[in-house]
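Engineer: sequence and predicted structure are below.
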Amino acid sequence: MNAKRAGLGLLAVVALGSAAFWAFRPADVLVDLAVASVAPMQVTVAAEGVVRVRDPYAVMAPLAGVVARSPVQVGDRVLKDQTVIAVIAPSAPAILDARTRLQAEAAVAEAEAGLQMAQARLAQAVTELAHAESAYGRSTALADQGLIPLDLLEDAATAQDNARAGHVAALSAVAMQRATLGRMQAQLQGPVDLAGEVSGCCYEVKAPLSGTVLALESQSARPVQAGAPLLSIGDLADLEVEVDLLSTDAVQIAVGAAATVERWGGEGVLDAVVRRIEPSAYTKISALGIEEQRVKVRLDLLTPPEGRVGLGDQFRVFVRVVIWDGGSVLQVPIGALFRSGDAWALYREVDGRARRSLVTLGRQTDLDVQIVSGLTENDRVVVFPGDKVQEGTRLAERPQP
């Protein structure tokens, strides 16, 4: 009887101890687990960029005048040497102030008096020519009859030639004075006097190349000087992307590197390639007020125009440029790493417990990092371990939603 009671007591003690063990045993820590995998990896530099027409053509006014209201609009297609893109008319004369008008009127009066004088001298020259011709005729008749010597006939011929030369000079003087009068009268003409007289004398500017009108300096009519900008034309099928990168990122990029254009507004991702890296940087102040050295990088779009319909000049896009590409890389999520002294470490899940491992890192992206040593393929690692995860901590994988 006593032995039976002792056995029952022992069982009670064992049951009580087991209950106490399970009651005070630390609970498993719920964690997210990821598998170390071998897969391709690309390391990229990302930044916002601007799409530009590769070779825009700025059209300037070839001469001074008044450009008419633009016959083309932004977005219009134009054809080389066919489409009229601007019409320039002569400038109207300036309005005269009071003193300038008085001076011009006096000059007109002076020219009129000069014309009258020239006409009077012409009348005198006509009379003298008629008298000389008549005298020469009489002298010729008398000389034929032998009534006068030959020297008198020669004097009459000379007088006739002089009279003819005087007549020609008088005609030229009249023509010169008429031209002078017209020039002086033109100085009195104002903008109202010449209104409507420029039709048929305008200069038409035609498109220097086929493309699309990208920008107009002004839609309205206005006076322009020679060399003033009128509009710009470009080919929207020939686009490039300009990206401003930090100089520390730009040195990692090579000409010919592959790139992708994202968030451009259309479906899919556009392919591109680095064409040019500017040799000098410039200083730019960031939004935080920090001075940065930036480098302009230009990319060619490889996707044909039909694959990027709607993309135009000065559109903003997001660009990723590949600086390293690996085909078979052992990698884990970057969130699995933490610092352990001067080294990097992570927790592996081994038989349900956390085991800390020091690792050597290689390349990394925004999400993943290359593991050079300290880990093998298919190892399960803890992602974003918290303070509750320590060496030997029992782990339980958090259910995925």
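Structural biologist: All right, it came through fine.
Engineer: low-scoring stretches of this structure, by residue?
Structural biologist: Per-residue confidence of the chain (counting by pLDDT under 70) places the weak regions at 1-27, 190-201, 401.
Engineer: let me know the helix or strand that the one residue sitting closest to the centre of it is in.
Structural biologist: Relative to the mean C-alpha position of the chain, the nearest C-alpha, by Cα atoms, centre = their mean, is the one of Arg52, at 5.6 Å. In this structure, Arg52 is located in strand 37-53 according to DSSP states H and E.
Engineer: sheet partners, orientation included, of that strand?
Structural biologist: The strands that strand 37-53 pairs with in its sheet are strand 239-246 (antiparallel), strand 316-333 (antiparallel) (by DSSP bridges).
Engineer: next SSE downstream of the longest one?
Structural biologist: Same thing as strand 316-333. By DSSP H and E, the next helix or strand past strand 316-333 is strand 338-340.
Engineer: all helices of the stretch 101-250 of the chain, in order?
Structural biologist: For the stretch 101-250 of the chain, the helices defined by DSSP state H, counting those that start in this stretch occupy 150-186, 247-250.
Engineer: adding distance to Val297 and mean neighbour count, write those out as JSON lines.
Structural biologist: Using the backbone N, CA and C atoms, a C-beta is placed for each residue, glycine as well. Formatted as JSON lines, the helices of the stretch 101-250 of the chain follow (distance: least, Cβ to Cβ, whole Å; neighbours: other Cβ atoms under 10 Å):
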{"stretch": "helix 150-186", "distance to Val297": "59", "mean neighbour count": "15"}
{"stretch": "helix 247-250", "distance to Val297": "6", "mean neighbour count": "16"}
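Engineer: that older thread, CA-only coordinates of the very next helix or strand once past the strand holding Arg52 in CSV, if you can.
Structural biologist: Downstream of strand 37-53, the first helix or strand assigned by DSSP H and E is strand 57-60. C-alpha atoms of strand 57-60 as CSV (Å, rounded to 0.1, in the frame of the first residue of the first chain):
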residue,chain,number,x,y,z
TYR,A,57,17.2,73.0,-84.9
ALA,A,58,16.7,76.6,-83.7
VAL,A,59,15.4,78.8,-86.5
MET,A,60,16.5,82.5,-86.4
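Engineer: how far does strand 57-60 sit from the chain's center?
Structural biologist: Strand 57-60 has its C-alpha centroid displaced from the chain centroid by 12 Å (Cα atoms, centre = their mean, to the nearest Å).
Engineer: which one of the helices of the stretch 101-250 of the chain lies closest to Gln119?
Structural biologist: Nearest to Gln119 among the helices of the stretch 101-250 of the chain is helix 150-186; the distance by Cβ to Cβ comes to 5.7 Å.
Engineer: residues touching stretch 149-167, excluding its own?
Structural biologist: 122, 125-126, 128-129, 131-133, 135-136, 138-140, 143 (Cβ atoms under 8 Å, 6 or more residues apart in numbering).
Engineer: go with 10 Å
Structural biologist: 121-122, 124-140, 142-144, 148 (Cβ atoms under 10 Å, 6 or more residues apart in numbering).
Engineer: pull that stretch out as PDB, backbone CA atoms only.
Structural biologist: Listed in PDB are the C-alpha atoms of stretch 149-167, where the atom choice follows Å, rounded to 0.1, in the frame of the first residue of the first chain:
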ATOM      1  CA  PRO A 149      36.000 130.800-144.400                       C
ATOM      2  CA  LEU A 150      36.200 127.300-143.000                       C
ATOM      3  CA  ASP A 151      37.400 128.400-139.600                       C
ATOM      4  CA  LEU A 152      34.000 130.100-139.000                       C
ATOM      5  CA  LEU A 153      32.300 126.800-140.000                       C
ATOM      6  CA  GLU A 154      34.400 125.000-137.400                       C
ATOM      7  CA  ASP A 155      33.500 127.600-134.700                       C
ATOM      8  CA  ALA A 156      29.800 127.000-135.500                       C
ATOM      9  CA  ALA A 157      30.300 123.200-135.200                       C
ATOM     10  CA  THR A 158      32.100 123.500-131.900                       C
ATOM     11  CA  ALA A 159      29.300 125.800-130.500                       C
ATOM     12  CA  GLN A 160      26.800 123.200-131.600                       C
ATOM     13  CA  ASP A 161      28.600 120.300-129.800                       C
ATOM     14  CA  ASN A 162      29.000 122.400-126.600                       C
ATOM     15  CA  ALA A 163      25.200 123.200-126.700                       C
ATOM     16  CA  ARG A 164      24.400 119.500-127.000                       C
ATOM     17  CA  ALA A 165      26.700 118.600-124.100                       C
ATOM     18  CA  GLY A 166      25.100 121.400-122.000                       C
ATOM     19  CA  HIS A 167      21.600 120.000-122.900                       C
END
